[in-house]
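*Asks:* pasting the sequence and the predicted coordinates here, then a few questions.
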Amino acid sequence: MPENLHPESKMKGDVSIQDSVFLSESDNSLYFTYSGQSNTLEIRDLNYQVDKAFQVPWYERLAEFKMPCMWNRGQDAPVPMIQNLNLKVKSGQMLAIIGSSGYGKSSLLDVITCRENRGKIKTGQVLINGQPSTPQLVKKCIAHVRQHDQLLPNLTVWETLLFVAQLRLPRTSSDSQRKKRVEDVIAELRLRQCAHTRVGNEYLRGVSGGERRRVSIGVQLLWNPGILILDEPTSGLDSFTSHNLVKTLSRLAKGNRLVLISLHQPRSDIFKLFDLVLLMTSGTTIYSGTARDMVKYFTEIGYPCPRYSNPADFYVDLTSIDRQDRQREMATREKVQSLAALFLEKVRDFDDFLWRATEEESMLTVSVEPRSHLISEQIINLPSSSDHQLPGTVQQFTTLIRRQISNDFRDLPMLLTQGLEAFVMSMVIGFLFYGHEKIQRSFMDTAALLFVTGALIPFPVILHIIAKCHSERAMLYYELEDGMYSAGPYFFAKILGELPEHCAYVVIYGIPIYWLANLRPEPEHFILSFLMLWLVVYCGRTMALWCAALLPSLHTSSFLVSALYNSFYLSGGFMISLDNLWTVPAWISKVSFLRWYFEGLMQIQFNGIIYKEPFGNITIPIPGKLIVDGMDLNSHPLYAGYAIIIGISICFIALYYLSLRFIKQKSSLDL
């Protein structure tokens, strides 16, 4: 070998054929790099345990007839999830955390991102650039891509990313800079071919699963984080799509980022893309080091990888706990404990706790130099949003309300279904009471019409609101947790964004009934009746919003809203006279919006007219006011009904805001 050959070239010449498969795939087309300072993530002597007693939601424990005093008894003692973990990763490296399910991978990511789910750090600490990890520090430098995609289905890929850019990029950024940032992210994630395709979901056809996962990555990449953490990014994807996704993540790491991903058992062509690998079993470290040295390490300790086998598959299987029977479980657990103790002994003297075959090879394989010089000259290098003040409350509100209206009004099947439902119900009720132009309708028929008109329509609306809010609950929780916006702007956007749909629904439902049923035709009576119907339906909406935000599952929210609505329905003054109610339902009737709606409509339709009631061959004229007085529905002036319904709506709106502000909107599916 020539003497003037560079020493590094000599080292490369000694790389075995087996190691050559770990050479990075050629892909220099970087569009979007991290321009900030390099980041270092360090974990020191971490011990983390989870209290399984609190992982079961309280309402499920009550369903099991367990009282709160019994929740911590028995087998629900705290369980160690991570034990004696040490790790150090730097920018430019992609670390893959591999292992079987339930062995601590997701728990580790939760600890790093300060999202411990009912767990507690017993000892140790997580350091980011030498500083202890805190939620405020995490929001500034770490982007967390969850396992499940939470995106609005009716927005296109471009619109989804643009709305996020308007929420996450500094308020000083211009519209052209935001659009340029979106274009760079789309180019980096190879999403140009589907940029104007709807995101979709399991019910609405849209982009593919791999493209949807890349959109979720793009949502976090937009604000240009230095550390990118992904939980099971290849879950549910085919092998080809998974390979392309991990290849994209490897390219992002080369753009001066620190990338952490958790996986089960990646296939061989994905495994060779990793810079570093952390193999965990039951929360303990079995191996931590470069991917290319993993086979060499296990070969040295007596576990060579069979020829033509995938190292990730072989060694994950080797270190898994076999729970087929008690004897096998004990044997495999002892083997895992011995492997963990052996690895800890081998890396005890290393500062980064990464195993290296030789000192020379560690210089070649562990150090990964970022390729930030490959960035295009035309890219606008916006600083991270953490360095500048984020958009204010007004800008967040305008962005959120535009996003909500765009998503809702694109859902044409749902809009048409709701409109058809309102129209059909209007026709059924209207024609049921049709044909009384010449023959006066009986008093009880008219009272039933007035009550049913307002009592039937809110309940389908309520169920729709409950289902819609819970379908968006996980996305809301993640966006609030990431600091994308605060609860206030979302609250006002939700309240006001529902108004166009609400108004159209009431118009389609209320107007045909009024004229088909031949109610009082004077304009003032029609306007007052329509306004009362508008208010009672909107009050039902606000009650549904509060119940959906208060409880974490669709079933519990539906139960609560049904219980409230039925209570208001039965105490509304039609099923039983108000003066015949005993104490408890009498108090319920005072806050029943259906009672005040019914009382208001009775006054509008009966006060001021002479009602002719037939008694055999005799027709007796009766003032309508006396009829209303007899039902105890004239004890308050008409304006009081409007004021009380508005007051009840405001109370529900206030409760909805408090639920958003102080209750974590985590979906029951993620508990």
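*Replies:* Received it, and whenever you're ready, just let me know what you need.

*Asks:* what about the strands in this structure?
*Replies:* In the chain, the segments counted as strands under DSSP state E are 40-51, 78-90, 94-98, 119-128, 131-132, 142-145, 227-231, 258-263, 276-281, 284-290, 610-615, 618-623.

*Asks:* send the alpha carbons of the third one over as CSV?
*Replies:* Think strand 94-98. This file holds the C-alpha atoms of strand 94-98, laid out as CSV (Å, rounded to 0.1, in the frame of the first residue of the first chain):
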residue,chain,number,x,y,z
MET,A,94,-29.7,8.4,14.0
LEU,A,95,-30.3,6.1,16.9
ALA,A,96,-32.7,3.2,16.6
ILE,A,97,-34.2,1.8,19.8
ILE,A,98,-35.2,-1.8,19.0
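
*Asks:* tell me the mean pLDDT over that strand?
*Replies:* Strand 94-98 shows an average pLDDT of 94 in the prediction.

*Asks:* just to revisit the earlier point, the strands of the chain: which one's closest to Phe409?
*Replies:* When those are compared by C-beta to C-beta, strand 142-145 sits nearest Phe409, at 28.6 Å. Heads up, the C-betas are built off the backbone N, CA and C, glycines and all.

*Asks:* paired strands for that closest one, with orientation please.
*Replies:* The strands beside strand 142-145 in its sheet (DSSP bridges) come out as strand 227-231 (parallel).

*Asks:* quick check: closest non-adjacent residue to Ile648.
*Replies:* Leaving out its chain neighbours, the residue that sits closest to Ile648 by C-beta to C-beta, 6 or more residues apart in numbering is Phe593, at 5.1 Å.

*Asks:* settle this for me: that neighbour is touching Tyr538, isn't it.
*Replies:* No: in terms of C-beta atoms under 8 Å, Phe593 does not count as a neighbour of Tyr538; the distance is 9.5 Å.

*Asks:* overlap in contacts of these two?
*Replies:* Overlap between the neighbourhoods of Phe593 and Tyr538 consists of Ser649, taking contacts as C-beta atoms under 8 Å, 6 or more residues apart in numbering.

*Asks:* neighbour count winner among the two?
*Replies:* Under the neighbour definition other C-beta atoms under 10 Å, Phe593 and Tyr538 were set side by side, and Phe593 has more, 28 against 24.

*Asks:* contacting residues for the more buried one?
*Replies:* The contact partners of Phe593, taken as C-beta under 8 Å, 6+ apart, are Leu535, Val536, Cys539, Gly540, Phe568, Ile644, Ile645, Ile648, Ser649.

*Asks:* which one of the residues you listed is nearest to Met484?
*Replies:* In terms of C-beta to C-beta, no member of these lies closer to Met484 than Ser649, at 28.3 Å.

*Asks:* any idea of the mean pLDDT for the lengthiest helix in the chain?
*Replies:* Taking DSSP state H as the assignment, the helix of the chain that covers the most residues is helix 523-550. Confidence over helix 523-550, taken as the mean pLDDT, stands at 96.

*Asks:* now do stretch 34-46
*Replies:* Looking at stretch 34-46 alone, the average pLDDT works out to 89.

*Asks:* next, the buried residues of it.
*Replies:* Applying a neighbour-count criterion of 16 or more other C-beta atoms under 10 Å, one finds Tyr34, Ser35, Gly36, Asn39, Thr40, Leu41, Glu42, Ile43, Leu46 buried in stretch 34-46.

*Asks:* out of these, what pair is the most spread apart?
*Replies:* Top of the distance list for the buried residues of stretch 34-46 (C-beta to C-beta): Ser35 and Leu46, 30.6 Å.

*Asks:* show me the shaky parts of the stretch 51-200 of the chain.
*Replies:* Applying pLDDT under 70 to the stretch 51-200 of the chain picks out residues 52-77, 116-118.

*Asks:* now do the helices in it.
*Replies:* Using DSSP state H, counting those that start in this stretch, the helices found in the stretch 51-200 of the chain span residues 58-63, 105-112, 135-141, 157-168, 175-188.

*Asks:* show me where pLDDT drops low in the stretch 251-400 of the chain?
*Replies:* In the predicted model of the stretch 251-400 of the chain, residues 358-388 satisfy pLDDT under 70.

*Asks:* let's see 90
*Replies:* In the predicted model of the stretch 251-400 of the chain, residues 254-256, 264-268, 281-283, 307-309, 319-329, 332-333, 344-390 satisfy pLDDT under 90.

*Asks:* all helices for it, in order.
*Replies:* 268-271, 294-300, 311-318, 326-346, 359-365, 393-410.

*Asks:* can you add mean neighbour count and distance to Leu237 and give the ones you listed back as a markdown table?
*Replies:* Written out in a markdown table, the entries for those read as follows (neighbours: other C-beta atoms under 10 Å; distance: least, C-beta to C-beta, whole Å):
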| stretch | mean neighbour count | distance to Leu237 |
| --- | --- | --- |
| helix 268-271 | 18 | 11 |
| helix 294-300 | 18 | 23 |
| helix 311-318 | 20 | 16 |
| helix 326-346 | 14 | 29 |
| helix 359-365 | 16 | 28 |
| helix 393-410 | 17 | 25 |
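
*Asks:* so can I have CSV of those showing distance to Trp582?
*Replies:* Compiled in CSV, those are given as follows (distance: least, C-beta to C-beta, whole Å):
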stretch, distance to Trp582
helix 268-271, 69
helix 294-300, 75
helix 311-318, 67
helix 326-346, 61
helix 359-365, 81
helix 393-410, 43
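
*Asks:* can you pull the pLDDT of the residue nearest to Ile648?
*Replies:* pLDDT, the model's per-residue confidence, is 96 for Phe593.

*Asks:* do Ser9 as well
*Replies:* Predicted confidence (pLDDT) at Ser9: the value is 43.

*Asks:* please apply the same query to Ile513.
*Replies:* Looking at Ile513, its pLDDT is 93.

*Asks:* need the contact list for it.
*Replies:* When the contact criterion is C-beta under 8 Å, 6+ apart, the partners of Ile513 are Ser426, Ile429, Gly430, Thr453.

*Asks:* so how far is Leu570 from the second one?
*Replies:* What that stands for is Ile429. If you measure Ile429 against Leu570 using C-beta to C-beta, to the nearest Å, the figure is 20 Å.

*Asks:* and those two? Which one has more around it.
*Replies:* For Ile429 and Leu570, the more surrounded residue by other C-beta under 10 Å is Ile429, and the numbers stand at 20 against 17.

*Asks:* quick check: the more buried one touching Val452?
*Replies:* Yes: counting by C-beta under 8 Å, Ile429 touches Val452, with 6.6 Å between them.

*Asks:* any idea which of the helices of the stretch 251-400 of the chain gets closest to His470?
*Replies:* Nearest of those to His470, taken as C-beta to C-beta: helix 393-410 at 15.6 Å.

*Asks:* mind giving me the packing neighbours of the closest one?
*Replies:* Contact analysis of helix 393-410 by 3 or more C-beta pairs under 8 Å, 6 or more residues apart in numbering; DSSP states H and E lists helix 157-168, helix 487-497, helix 499-516 as its packing neighbours.
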